[in-house]
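1. Quick check, what structure comes out for this input:
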Amino acid sequence: MRSGERVLLERMAREFDLMPCWQAMHPRTPLAQTLRWMGNRATPYHCDGIFAPRAWRPRLMRCEVIAGTTWSRLSDHNPVLADFAVGRISLHRQSQIQAPRRGACFLCPSEKAVGS
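-> The predicted structure follows:
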């Protein structure tokens, strides 16, 4: 992680009490690729993420970056998914995931999730 990124993450935590969900779920894992338009597509470039209040950390169940041919066709970014539990019920249910439709953005269960 570059020093500028570290400074930004520290500021988000200090001033807004926010945590980056990917780093919270994968503390010793390199950042997953979320942008593919860079010159070297093989080099991971992570510029998308989800921030949530640090108080929500116990309810963060997972955070994944979705990758695959469907998303490569739709965008040069891979979507980031965070799943939080509310009481005994998860806000995100696998059964609600639908395939992408033209003009809409739904998660595609056939795609690979990085970090799951």
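2. Do me a favour and average the pLDDT over whichever helix in the chain runs longest.
-> If you go by DSSP state H, the chain has its longest helix at helix 3-16. The pLDDT scores in helix 3-16 average 88.
3. Pick out the least confidently modelled helix or strand of this structure, by mean pLDDT.
-> Lowest by mean pLDDT, DSSP states H and E among the helices and strands of the chain is strand 89-90, with a mean of 46.
4. now Met19, nearest residue through space, not along the chain?
-> Spatial nearest neighbour of Met19, excluding adjacent residues (CB to CB, 6 or more residues apart in numbering): Arg54 at 4.7 Å. Every C-beta, even on glycine, is put in place using the N, C-alpha and C of the backbone.
5. what's the neighbour count on that neighbour?
-> Neighbour count for Arg54, taken as other CB atoms under 10 Å: 13.
6. what's the spacing between it and Asn78?
-> 25 Å (CB to CB, to the nearest Å).
7. Same question for Leu60.
-> 19 Å.
8. What is the burial count for Leu81?
-> Neighbours around Leu81, by other CB under 10 Å: 18.
9. element containing the residue nearest to it when sequence neighbours are not counted, please.
-> Excluding the flanking residues, the one nearest Leu81 by CB to CB, 6+ apart is Glu64, at 4.9 Å. Element membership for Glu64, per DSSP states H and E: strand 60-67.
10. partners of that strand in the sheet?
-> Using DSSP bridges, strand 60-67 pairs in its sheet with strand 80-86 (antiparallel), strand 112-114 (antiparallel).
11. Buried residues of it, list them for me.
-> Residues Leu60, Arg62, Cys63, Glu64, Val65, Ile66, Ala67 are the ones in strand 60-67 that count as buried (16 or more other CB atoms under 10 Å).
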